[in-house]
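J.: Sharing a model that was predicted from the sequence below.
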Amino acid sequence: MKALVQRVDHAEVVVEEKVVGKIGLGFLIYLGCQVGDGMETAGKMADRLAKLRIFEDADGKTNLDLNAVEGSILLISQFTLAADLRRGNRPSFTTALAPDEARLVFEEVRQILENKGFRVESGVFGAHMRVGATNVGPATYLLEIE
């Protein structure tokens, strides 16, 4: 499983010209599920995301987690993170988890984060979405869990 995490001060997702998810300060997370990912992987990913310290403290060090800054999460399903670009010019998606399974794993990550007390907004799984954000820093991190 891969999560591309951006530290943002604003992010929103639009589906069919309607804003379906919107946050202020927090994480914009693009989540890609791969073959072999399941509920155990979802739990590990959610735990890591909940503890990720990428916000700056008073000294400018990235020591603060999402709880410390009272941030929210915009979680976006992103199967293209599972693309294999090692050969050729066209991505291969043979490593992406099948949509029905990926939806369950994605929802498990979301539920765990909500159970930890985070406000989690999201797009619509499998829909064509437009995502806008103000990435602060910029700060973007790739987190991979096996």
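T.: Nice, I can see it. Residues are numbered from 1 along each chain as shown.

J.: Quick check, central residue of the chain?
T.: Ile29 (2.2 Å; CA atoms, centre = their mean).

J.: since we're on Glu146, how many residues are nearby?
T.: A total of 8 residues lie near Glu146 under the criterion other CB atoms under 10 Å. Quick note: C-beta positions are derived from backbone N, CA and C, even for glycine.

J.: these two touch, right, it and Glu40?
T.: No. Applying CB atoms under 8 Å, one finds Glu146 not in contact with Glu40, separated by 10.2 Å.

J.: Name the surrounding residues that touch stretch 83-97.
T.: Applying CB atoms under 8 Å, 6 or more residues apart in numbering, the external contacts of stretch 83-97 come out as Gly32, Cys33, Gln34, Val35, Gly36, Asp37, Phe79, Thr80, Ala82, Ala102, Val105.

J.: if we go to 10 Å?
T.: 1, 32-38, 41, 79-82, 102-106 (CB atoms under 10 Å, 6 or more residues apart in numbering).

J.: what's the spacing between it and its chain's center?
T.: The chain centre lies 20 Å from the centre of stretch 83-97; the measure is CA atoms, centre = their mean, to the nearest Å.

J.: go on, stretch 64-81?
T.: The mean C-alpha position of stretch 64-81 is separated from the chain mean by 6 Å, CA atoms, centre = their mean.

J.: Against which helices or strands is the biggest helix by length in the chain packed?
T.: Looking across the chain with DSSP state H, the single longest helix is helix 99-115. When contacts are defined as 3 or more CB pairs under 10 Å, 6 or more residues apart in numbering; DSSP states H and E, helix 99-115 packs onto strand 26-32, helix 39-51, strand 72-77, strand 120-122.

J.: is it possible to export these to TSV including mean pLDDT and distance to Val8?
T.: Shown next, in TSV, are the helices and strands packed on helix 99-115 (pLDDT from 0 to 100; distance: least, CB to CB, whole Å):
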stretch	mean pLDDT	distance to Val8
strand 26-32	98	5
helix 39-51	98	14
strand 72-77	98	8
strand 120-122	97	12
